[in-house]
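In: build me a model from this:
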Amino acid sequence: MSQGADTVLQLSNDYLQQDVYRHLTDGLAARGVRQFVFMSARKQSLTDRCPRDEPLVRYAAPNILKLHHKIMFRMKSELVYSVVERTYDLSQVCLVHAHFLFSDGQVARMLHERRGMPFIVSVRPHTDIDSFMRLRPDLMPWGCENLLRAQAVICLSPGSRGLLLSTIPSDVRRRVRFKIHVIPHGLAPEWHEAPTEPDRSDVLRILSVGDMTRNKNVRGIVKAIDRLVARGQRIELTLVGGRGRSSPPHAPRPWIQWIPHVEDRSALREIVRRHHIFMMPSFSETFGVAYVESLSQGLPAIHSRGQGISGLFEDGVTTEAVDPRDPADMANAIEHVARRRLDVFDQCIAATKGYRWSEAAERMHAIYREAGLPGGPS
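Out: Just a heads-up that it's a prediction; the model follows:
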């Protein structure tokens, strides 16, 4: 690593499919942080979406990954490492930020071992814990070594921090615990415009937004509402698809409305405002910015216990935690939240005031400086 190095290398496997990474790099650039952003892609359509270089940020999204790389992890890591070396002048890099513990973290550790670059790593429970640690136990030693070698570990919520610590071996837990930082995602600017009054219609309107995969547990939501409708309660459920795999529910009901992905964020905000409760009892959730977006518009949120936003908000007030495998528990939660939704409207909005990308970038910048970015500790 060159003595005059002043650039952060961002390794983000999912950069082109999620807005959250761009919000963070933009926030860091606004603080004068130079960045190389590398995103290895699996198809040309993603490569074609690579942003243009900016004064402080250079992007690269080569279409290099194949289907067999999902299994051949070591081969994939070596390939990505070699392409990173050819793409950027690494003598300018003073710090690496890997946005996934395994797919990006392994490359970051190789840069650390071979070039002496310090790195930090973010942990995303849905991918890193549920997919890698639980389905690929052979790779657990690599993930643990990445945690141990990293200068800092970033989790998105207290719930995801707890999940990580409960999953890794006790000897690793003792050594890693002290360097974990919780930095939640921020909200895009349009979500900081809140309504002044809640919707007061008599029909209870429930909203869920995201890729309608099995993990998002739409069937569980439908089963819970079936119980309440059978008791004579008037409920409408709106499902808004995400950017990934989304399709209408397999079990249609007259009280379900299906809306495909809404690209315009202001239009989505208007849909949110027409509802009373946000509900997404995912089996596994990395963070779920849709919970926070809905809270910002006055909607209390129902989420899975120990997943996503767990620990960030006050359950029993602005949020309600449920067992995603228990329709009765979810039905009870809907009734509890429905009774207090008008009373907590202002509290939901107030609870999200600190969720700005500028603040997330400021906190991340401080960690970068402690880990090796010129400027020293904040």
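
In: which stretches of the stretch 201-350 of the chain form strands?
Out: Under the criterion DSSP state E, counting those that start in this stretch, strands of the stretch 201-350 of the chain are mapped to 204-210, 235-241, 256-259, 277-280, 301-304, 319-322.

In: of all those strands, which one is nearest S157?
Out: strand 301-304 (10.2 Å; Cβ to Cβ). For every residue, glycine as well, the C-beta is placed using N, CA and C.

In: can I get the strands of the stretch 201-350 of the chain in JSON lines with mean pLDDT?
Out: JSON lines is the format used below for these (pLDDT from 0 to 100):
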{"stretch": "strand 204-210", "mean pLDDT": "93"}
{"stretch": "strand 235-241", "mean pLDDT": "93"}
{"stretch": "strand 256-259", "mean pLDDT": "91"}
{"stretch": "strand 277-280", "mean pLDDT": "96"}
{"stretch": "strand 301-304", "mean pLDDT": "94"}
{"stretch": "strand 319-322", "mean pLDDT": "94"}
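
In: measure A60 to S12 for me?
Out: 11 Å (Cβ to Cβ, to the nearest Å).

In: quick check: neighbours shared by those two?
Out: Both A60 and S12 are contacted by V37, F38, M39, under the criterion Cβ atoms under 8 Å, 6 or more residues apart in numbering.

In: start to end distance for stretch 28-36?
Out: 12 Å (Cα to Cα, to the nearest Å).

In: okay, and for this protein, where does confidence drop off?
Out: For the chain, the stretches with pLDDT under 70 are 1-3, 243-251, 376-378.

In: so who does the closest residue in space to S266 that isn't next to it in sequence touch?
Out: Closest residue in space to S266, ignoring its immediate chain neighbours: E190 at 5.4 Å, by Cβ to Cβ, 6 or more residues apart in numbering. Counting by Cβ under 8 Å, 6+ apart, E190 makes contact with R265, S266, R269.

In: run a quick neighbour tally on the last one.
Out: Using other Cβ atoms under 10 Å, the number of residues around R269 comes to 20.

In: how about the contacts of E190 in JSON lines, adding distance to L79?
Out: Listed next are these as JSON lines, based on distance: Cβ to Cβ, whole Å:
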{"residue": "R265", "distance to L79": "35"}
{"residue": "S266", "distance to L79": "40"}
{"residue": "R269", "distance to L79": "41"}
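
In: I'd like to know how far the residue lying closest to I256 once chain neighbours are set aside sits from H275.
Out: Once flanking residues are discounted, I256 sits nearest to L237: 5.0 Å by Cβ to Cβ, 6+ apart. Distance, L237 to H275, using Cβ to Cβ: 9 Å.

In: before we move on, what about M140?
Out: Distance from M140 to H275, by Cβ to Cβ: 41 Å.

In: one more: F100?
Out: 32 Å.

In: which among the shared contacts of A60 and S12 gets closest to H68?
Out: Closest to H68, out of all of the shared contacts of A60 and S12 and judged by Cβ to Cβ, is M39, at 19.5 Å.

In: in the chain, which spans are helices?
Out: 19-29, 44-47, 73-87, 105-115, 134-135, 140-149, 158-167, 170-176, 218-230, 265-273, 289-296, 327-340, 345-351, 357-371 (DSSP state H).

In: my guess is R369 meets G375, correct?
Out: Yes - counting by Cβ atoms under 8 Å, R369 touches G375, with 4.7 Å between them.

In: looking at M140 and H275, which is more packed in?
Out: H275 (24 against 17).

In: picking that back up, tell me the bridge partners for the residue nearest to I256.
Out: Beta-bridge pairing for L237 (DSSP bridges): I206, I256.

In: next one: it from A5, what distance?
Out: L237 is 52 Å from A5, by Cβ to Cβ.

In: who's more crowded, the two?
Out: More crowded of L237 and A5, by other Cβ under 10 Å: L237, with 24 against 19.

In: what backbone torsions are found at the most centrally placed residue in the chain?
Out: Nearest residue to the geometric centre of the chain (Cα atoms, centre = their mean): F287, 4.1 Å. Main-chain torsions, F287, degrees, to the nearest 10: phi -150, psi -60.

In: do D6 as well
Out: phi -140, psi 20.

In: can you tell me the closest non-neighbouring residue to it?
Out: That would be P374: by Cβ to Cβ, 6+ apart, it lies 5.3 Å from D6.

In: isn't the one you found right up against L95?
Out: No - between P374 and L95 there is no contact under Cβ under 8 Å: 9.6 Å.

In: so which of those two has more stuff around it?
Out: More crowded of P374 and L95, by other Cβ under 10 Å: L95, with 26 against 14.

In: what's across from the more buried one in the sheet?
Out: V8.

In: contact partners for the residue nearest to V262 when sequence neighbours are not counted?
Out: Distances taken as Cβ to Cβ, 6+ apart put L268 closest to V262, at 4.4 Å, once the chain neighbours are dropped. Residues counted as contacts of L268 (Cβ under 8 Å, 6+ apart) are V209, V240, V262, E293.

In: picking that back up, give me the more crowded residue out of A60 and S12.
Out: S12 (25 against 18).
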